[in-house]
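>>> Below is the sequence, then the predicted model.
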Amino acid sequence: MADLNRYDLARAMAAEVDGLTHRMAAACLDAFVECVSRALTREESVILQNFGKFGVRRRKPRQGTHPQTQQAIAIAGAPIPFFTASPALKKRVRLAASQPESHGQP
């Protein structure tokens with residue numbers, strides 16, 4: 001099973017919508033990624049119905065150990081992006097997985 005890269009995703013998007021060229025699909029994909037990235041940098045959530053939620057969690061500051069010196073070090077807290085799939089997306093993936101010949105194709 002191959003991973004989908006940006007080019008493949010734009011090509012698939014263009015195939016889904018009549019009149020949408022690969023170049024236009026790539027521009028839409030770039031705009032989507034930029035909008036989501038901007039929202040996450042402001043620590044806002046992006047919720048897409050029947051797809052999922054992009055958000056940011058705060059990792060708490062903690063104590064760690066330097067691997068070479070074994071000295072205790074303070075690790076600062078940090079914002080971490082995450083994605084949570086919606087129940088509808090989870091169901092769709094499970095259904096596709098239960099059909100052995102589909103290989104996840106819609």
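Perfect, thanks for sending it. These numbers come from a predicted model, not from an experiment. Residues are numbered from 1 along each chain as shown.

>>> Quick check: which ranges of this protein have low pLDDT?
1, 101-106 (pLDDT under 70).

>>> Let me see the ranges of the helices in it.
6-16, 22-41, 87-98 (DSSP state H).

>>> Take those helices and lay them out in a markdown table including distance to F54.
From N, CA and C alone the C-beta is placed, and that goes for glycine too. As requested, the helices of the chain are exported to a markdown table (distance: least, CB to CB, whole Å):
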| stretch | distance to F54 |
| --- | --- |
| helix 6-16 | 16 |
| helix 22-41 | 6 |
| helix 87-98 | 13 |
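
>>> and P67, which of those helices is closest to it?
helix 22-41 (30.1 Å; CB to CB).

>>> So which of the helices of the chain is nearest A74?
Nearest of the helices of the chain (CB to CB): helix 22-41, 24.5 Å.

>>> In CSV, could you pull the C-alpha coordinates for the closest one?
Taking Å, rounded to 0.1, in the frame of the first residue of the first chain, the C-alpha atoms of helix 22-41 are listed here in CSV:
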residue,chain,number,x,y,z
HIS,A,22,-4.6,19.5,-11.2
ARG,A,23,-3.1,23.0,-10.8
MET,A,24,-6.3,24.4,-9.3
ALA,A,25,-6.6,21.3,-7.0
ALA,A,26,-3.0,21.8,-5.9
ALA,A,27,-3.7,25.5,-5.1
CYS,A,28,-6.8,24.5,-3.1
LEU,A,29,-4.8,21.9,-1.2
ASP,A,30,-2.1,24.5,-0.5
ALA,A,31,-4.7,27.0,0.7
PHE,A,32,-6.3,24.4,3.0
VAL,A,33,-3.0,23.4,4.6
GLU,A,34,-2.1,27.1,5.0
CYS,A,35,-5.4,27.9,6.7
VAL,A,36,-5.2,25.0,9.0
SER,A,37,-1.6,25.7,9.9
ARG,A,38,-2.4,29.4,10.6
ALA,A,39,-5.3,28.4,12.9
LEU,A,40,-3.1,25.9,14.8
THR,A,41,-0.4,28.5,15.3
